[in-house]
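# Sequence unavailable; structure follows:
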């Protein structure tokens, strides 16, 4: 499994070098934490959330001991409210695997504070872009904003049946992210018109983080930093950095 995902692992490991300087904190928007509003993790020592089942015993013993960022979390909540979006501070939420897995590869020493903002249950693309716009000032304050999801997420078709749909959707995504900012945003909000959209994302929880991440860098160039046409032998997937 690790060998199959080695290209992805390498791309995550390169992120600190690409960022250039150690961030003040990492704000992770994961497809694995949903709420009724854009909740913000505020614990100074977030616990672990093992949000999977039937995994090997050792995967329930993993601890990523990064500190939280309660002061920056409060600042994030203020920005979200100022944008007219509902939020609340959640002192109990911990790191789900959409957060602690990539964070460990990126910063294995766990010295950089990490906190999360929840995606909303309704997955509304425009509102998640608005969330990103609200959080954009944090980028200028030294916070690294990461959208953690997957460009293809249909667990029932992680095989040859997903080969054509994932490749077509990935090609659409790559072409779309190269558009001028206004056209790009409009196309992503209308993502269901993409080829095989609902085959690739029957439920779009793993796509939604890109809306927020891009909303925070709406005028930035998109650079593909990971691409693999044979995940699980057949699936095409990609990741992007917004400079």
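Sure, I can see it. Worth saying up front: this structure is predicted, and the values here are computed from it rather than measured.

# quick one: the helices in this protein?
Under the criterion DSSP state H, the chain contains helices at 6-19, 70-82, 97-106, 125-140, 163-177, 181-189, 197-200, 208-215.

# so of those helices, which one's packed in deepest?
helix 208-215 (a mean of 26; mean count of other Cβ atoms under 10 Å). C-beta here means a position set from N, CA and C on the backbone, and glycine is covered the same way.

# could you give the angle of it to helix 181-189?
Taking axes from the mean of the first three to the mean of the last three Cα atoms, to 10 degrees, one finds helix 208-215 and helix 181-189 inclined to each other by 170 degrees.

# name the helices or strands packed onto helix 208-215?
Judged by 3 or more Cβ pairs under 8 Å, 6 or more residues apart in numbering; DSSP states H and E, the packing partners of helix 208-215 are strand 25-30, strand 119-120, helix 125-140, strand 143-148, helix 181-189, strand 235-242.

# Strand partners (parallel or antiparallel) of the fourth one?
Pairing partners of strand 143-148, with direction, according to DSSP bridges: strand 25-30 (parallel).

# re earlier: nearest to residue 225, of the helices of the chain?
Relative to residue 225, the nearest member of the helices of the chain by Cβ to Cβ is helix 6-19, separated by 5.1 Å.

# Quick one: work out the angle between the closest one and strand 25-30.
For helix 6-19 against strand 25-30, the angle between stretch directions is 140 degrees (the same axes, to 10 degrees).

# So residue 4 sits against residue 232, correct?
Yes: judged on Cβ atoms under 8 Å, residue 4 makes contact with residue 232 at a distance of 7.2 Å.

# about what we covered before: quick one, which of the helices of the chain gets closest to residue 44.
Across the helices of the chain (criterion: Cβ to Cβ), the nearest stretch is helix 70-82, sitting at 5.1 Å.

# Just checking the distance from that closest one to the centre of its chain.
If you compare the mean C-alpha spot of helix 70-82 with that of the full chain, they lie 19 Å apart, counting by Cα atoms, centre = their mean, to the nearest Å.

# Looking at residue 4 and residue 232, which is more packed in?
Looking at residue 4 and residue 232 with other Cβ atoms under 10 Å, you find the greater number of neighbours at residue 232, namely 18 against 13.

# residue contacts, that one?
Taking Cβ atoms under 8 Å, 6 or more residues apart in numbering as the criterion, residue 232 is in contact with 4, 158, 159.

# One more: residue 136?
With contacts defined as Cβ under 8 Å, 6+ apart, residue 136 is in contact with 215, 216, 217, 218.

# Where does the prediction get shaky in the chain?
Judged by pLDDT under 70, the chain has no weakly predicted residues.

# pull the longest strand from it.
Secondary structure of the chain read by DSSP state E shows that its longest strand is strand 222-231.
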